[in-house]
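[1] for reference, the sequence and a predicted model appear below.
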Protein chains: 2
Amino acid sequence: MMNEQFRSPADVSSHDQLLDRLAEVAVRVGLGLKPGQEVVLTAPLEAVPLARRITEHAYKAGASLVTTFFSDEEATLMRYRHGRDEGFDTAASWLYEGMAAAYRNGAARLAIVGEDPSLLAKEDADKVSRANRARSKAYMPALNLIAGFDINWSIVSAATPAWAKAVFPDDPEDVAVSKLWQAIFSASRVDTPDPIAAWEKHNAALQARTRMLNDKNYAALHFRGPGTDLRVGLADGHEWAGGSSQAKNGVVCNANIPTEEVFTTPHKDRVDGYVTSTKPLSYNGTLIQDIQVKFESGRIVDAKARTGEAVLGKVLDTDDGARRLGEVALVPFSSPISQSGLLFFNTLFDENASSHIALGQAYSKCIRGGGDMSEEELASRGANKSLIHIDWMIGSDKVDVDGITQDGASEPLMRGGEWVTG
Amino acid sequence: MMNEQFRSPADVSSHDQLLDRLAEVAVRVGLGLKPGQEVVLTAPLEAVPLARRITEHAYKAGASLVTTFFSDEEATLMRYRHGRDEGFDTAASWLYEGMAAAYRNGAARLAIVGEDPSLLAKEDADKVSRANRARSKAYMPALNLIAGFDINWSIVSAATPAWAKAVFPDDPEDVAVSKLWQAIFSASRVDTPDPIAAWEKHNAALQARTRMLNDKNYAALHFRGPGTDLRVGLADGHEWAGGSSQAKNGVVCNANIPTEEVFTTPHKDRVDGYVTSTKPLSYNGTLIQDIQVKFESGRIVDAKARTGEAVLGKVLDTDDGARRLGEVALVPFSSPISQSGLLFFNTLFDENASSHIALGQAYSKCIRGGGDMSEEELASRGANKSLIHIDWMIGSDKVDVDGITQDGASEPLMRGGEWVTG
Ligand SMILES: [Zn+2]
Ligand SMILES: [Zn+2]
Ligand SMILES: [Zn+2]
Ligand SMILES: [Zn+2]
């Protein structure tokens, strides 16, 4: 039924209308763009139609200038096919430093994602991880401003052919692309009569949940399920976040479209036990599946994966913080994205269909008063620091979560993947 | 005959082959790329196939990283349609400063051009010139490194639909695009059996011409033709250039593909008389036709144009140097591009079909030893300084050029648009 919906001439206009609404949600809900702000937009070449509509809505909302960088996966592959080995430690630091300068100067940042989850599956793991590391390092000044919520930013997605074929491998490309667009429109709440109002309601629900968790002020979370028995200590003065949030520049934004998670900062030294991933992780073109990891005092001491283990190993060696957690997030199994039953091979979607943890850099805004703290103060609360921030999924309908109070008592939070209380 | 050539299946592969050769010429002849260099590439969205082939050849030639910025004319138009008036003084300085940092760090710079010559014809001249001025100012640090030949750089072109329709208005779009590609391939010498050898021969011929002119060391050039009687004093210690040249980083490059000109630096205070343009000038989307200008002591004191006069007037008000000359170039009427009989509405082509002058910034390499001179030294030789550098065409088969020796004697250089001596 979804395919046919997009095949009659009437539904072409419906697709255009939904695309336009997604662009409007990206600018108004995602960025909360303020008049006079510059916009730095990144997009895959295949997302030109969405990028144009976002550009139009950004100018209508008062953007002074929209600058778009289109990325081309063909060009990335050419580097691996023809580039010299020495070149793989090079990254465009001049560009990322330029972006950081734009953010410091008040620009908002919007990313359209839609990568081929397996783009680099056949390339040399050493080159892949060297290129990733060089880019992570070069991107650090810009990422700090984003992760620190100095500015309003957001990530939305576009259905590209390679991604669509990964999600719907049995369908012809055009059908797969239509189905993936439908899933994006639905998860992004633009197929509702009033998407802006739908987002206001959704943000209110997520904020009610974060208020409850902040009132509880748990010392730790305890995850149990097949292959998982993990105690995640929470940072001292941790704060739960979810839905919209106010950046330090005063603008209220929704950093992820879609978003279903509530999340906070674990304590970098207080994570113990073992955990098994429940969904594949696509990391910069490498698919990492069936991750099994053991933590001791916050640090990963053993890591395995059925696919992508070499890249995972090199990721963990990025820096000391890469072996520690920077985020823990709770998402019920009944969340709309999860209920679609689809595996997206894209973190923006899969992390919003499942409770998850992230290796690497913590969000300072998930520490009370963290926005004004020095790196030393943040570290003393337990906030982790790293070049990387990689979310991976550990929730399912077979995973239970308890909250551990400051007194050491266990309270059931989730059972069979669902919230125990409203 | 040209159309049919591109319509049979055999000729599709021929088009691909020519595109690949153009990419190879851009990298090997245009940039003279050295192993380990980064490449900063700019291209219109419509030029993705050429950009990809250039990327491939750049990696084959040892590029460490190719970073491409695709520009989208639709996005530019959206700014004029929906953007707030206050926004038009904003430019992406952070990006241009980033590019300048890349050049200082050793990157080569390749531009693919193919703009719609009349993109902004219907937009508000005030907004157009404010946006141009803001961009020129922001681009200055990068342009200085390019105009000063600190690095190897080159400009090539791609046939885009809007440009092709401007050149071939009576043809359907696909035919126009095919014809324009054919003209580009021909002017860029990639339709010869060995394009690299053809460029070596062509560079040698241009260099013989510059040697002759450098030996002459003329005090001035005198242009006479319909609506033109102009004496262009040459800078003290001026040096003629043409074809390939060595950048300060030691790399030999061909900055323009195609190129037919020999050019040097006029004296900014020694230009007198009047001159009439012989071809339309397309400047950032504005078509400026039938320019008539009067010079006194190097400075434009009167300027008119049949179309685009408002934008021309604002261009001349950019800064004091915008009213003075930074380049004078000689191109015979019999040059291959001129003989195509086409009007390209694109400076890269039209300036190589006609003798021309440029308003604004001079090339320091067209002063003997200029690469090592301070701005004051360059100015004392007569080299002009400005935010802009805009070439416009003043040659035709009705224009004669004399060289004026340091003794004040006249020697015939061109008659009826052709060189008097071999
Ligand atoms: Zn998360
Ligand atoms: Zn995360
Ligand atoms: Zn020239
Ligand atoms: Zn010029």
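    Right, received. Where do you want to start? Ligands and ions are numbered 1, 2, ... in the order given.
[2] show me the domain layout of chain A.
    Following automatic domain parsing, chain A resolves into domains at A:2-187, A:217-238+A:261-419.
[3] ok, which of those comes nearest chain B?
    Each of the domains of chain A was scored for nearness to chain B using Cβ to the nearest Cβ, and the closest is domain A:2-187 (2.9 Å). For glycine as for every other residue, the C-beta is placed from the backbone atoms N, C-alpha and C.
[4] picking up where we left off before, how about CSV for the domains of chain A, with mean neighbour count and mean pLDDT added?
    Shown next, in CSV, are those (neighbours: other Cβ atoms under 10 Å in any protein chain shown; pLDDT from 0 to 100):
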stretch, mean neighbour count, mean pLDDT
domain A:2-187, 20, 93
domain A:217-238+A:261-419, 20, 95
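[5] among these, which comes closest to ligand 2?
    Closest of the domains of chain A to ligand 2 is domain A:217-238+A:261-419, at 4.0 Å (criterion: Cβ to the ion).
[6] does the closest one reach ligand 2?
    Yes. Using Cβ under 5 Å from the ion, domain A:217-238+A:261-419 reaches ligand 2 at A:327, A:358, A:391.
[7] among the domains of chain A, which is nearest ligand 1?
    It's domain A:217-238+A:261-419; of the domains of chain A, that one is closest to ligand 1 (Cβ to the ion) at 4.0 Å.
[8] circling back: could you dump the domains of chain A to CSV with distance to B:L378?
    Shown next, in CSV, are the domains of chain A (distance: least, Cβ to Cβ, whole Å):
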stretch, distance to B:L378
domain A:2-187, 27
domain A:217-238+A:261-419, 44
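[9] need those in a markdown table with distance to chain B, can you?
    Shown next, in a markdown table, are the domains of chain A (distance: least, Cβ to the nearest Cβ, whole Å):
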| stretch | distance to chain B |
| --- | --- |
| domain A:2-187 | 3 |
| domain A:217-238+A:261-419 | 15 |
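[10] which residues sit in contact with A:Y218?
    Counting by Cβ atoms under 8 Å, 6 or more residues apart in numbering or on different chains, A:Y218 makes contact with A:234, A:403-406, A:411.
[11] which other residues reach stretch A:361-368?
    With Cβ under 8 Å, 6+ apart, stretch A:361-368 has contacts from A:143, A:147-149, A:235, A:237-241, A:245, A:263-266, A:268, A:321, A:326-327, A:370-371, A:373, A:378, A:381, A:383-389.
[12] so which residues of chain A form helices?
    Under the criterion DSSP state H, helices of chain A are mapped to A:2-5, A:9-25, A:48-60, A:73-82, A:93-104, A:125-147, A:161-167, A:173-187, A:195-216, A:309-316, A:336-339, A:347-350, A:375-381.
[13] picking up where we left off before, and of the contacts of A:Y218, the nearest to A:N346?
    A:L234 (27.5 Å; Cβ to Cβ).
[14] residues contacting that closest one?
    Taking Cβ under 8 Å, 6+ apart as the test, what A:L234 contacts is A:218-221, A:264-267, A:270, A:328, A:382.
[15] let's see that with 10 Å instead.
    A:213, A:217-221, A:240, A:264-267, A:270-271, A:328, A:366, A:382, A:403-404 (Cβ atoms under 10 Å, 6 or more residues apart in numbering or on different chains).
[16] so which bits of chain A are right by ligand 4?
    Counting by Cβ under 5 Å from the ion, no residue of chain A sits close to ligand 4.
[17] tell me which residue is most central in chain A.
    Central residue of chain A (Cα atoms, centre = their mean): A:L348, 4.4 Å from the mean position.
[18] now do that residue against A:A183, distance only.
    12 Å (Cβ to Cβ, to the nearest Å).
[19] between the two, which contacts overlap?
    A:157, A:258, A:337.
[20] make a markdown table out of those residues and add distance to A:R209.
    Listed next are the shared contacts of A:L348 and A:A183 as a markdown table, based on distance: Cβ to Cβ, whole Å:
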| residue | distance to A:R209 |
| --- | --- |
| A:S157 | 24 |
| A:P258 | 16 |
| A:I337 | 16 |
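[21] of those residues, which is the nearest to ligand 3?
    For the shared contacts of A:L348 and A:A183, the nearest to ligand 3 is A:S157 (46.0 Å; Cβ to the ion).
[22] what pairs with the closest one across the strands?
    A:V113 (DSSP bridges).
[23] isn't it up against A:N352?
    No. Here A:S157 lies out of contact with A:N352, judged by Cβ atoms under 10 Å, at a distance of 11.0 Å.
[24] which residues are in contact with each of the two?
    The contact lists of A:S157 and A:N352 share A:187, A:256-258, A:344, where a contact means Cβ under 10 Å, 6+ apart.
[25] closest residue of chain A to ligand 3?
    Counting by Cβ to the ion, chain A gets nearest ligand 3 through A:W94, at 28.6 Å.
[26] quick revisit: tabulate the domains of chain A (CSV), appending distance to ligand 1.
    Compiled in CSV, these are given as follows (distance: least, Cβ to the ion, whole Å):
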stretch, distance to ligand 1
domain A:2-187, 11
domain A:217-238+A:261-419, 4
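[27] so which of these is nearest B:R133?
    That would be domain A:2-187 among those, by Cβ to Cβ, at 14.0 Å.
[28] give me the contact status of the closest one with ligand 2.
    No. Judged by Cβ under 5 Å from the ion, domain A:2-187 and ligand 2 are separated, with a smallest distance of 9.3 Å.
[29] between the residues of domain A:217-238+A:261-419 next to ligand 2, which is closest to B:T76?
    A:D391 (36.3 Å).
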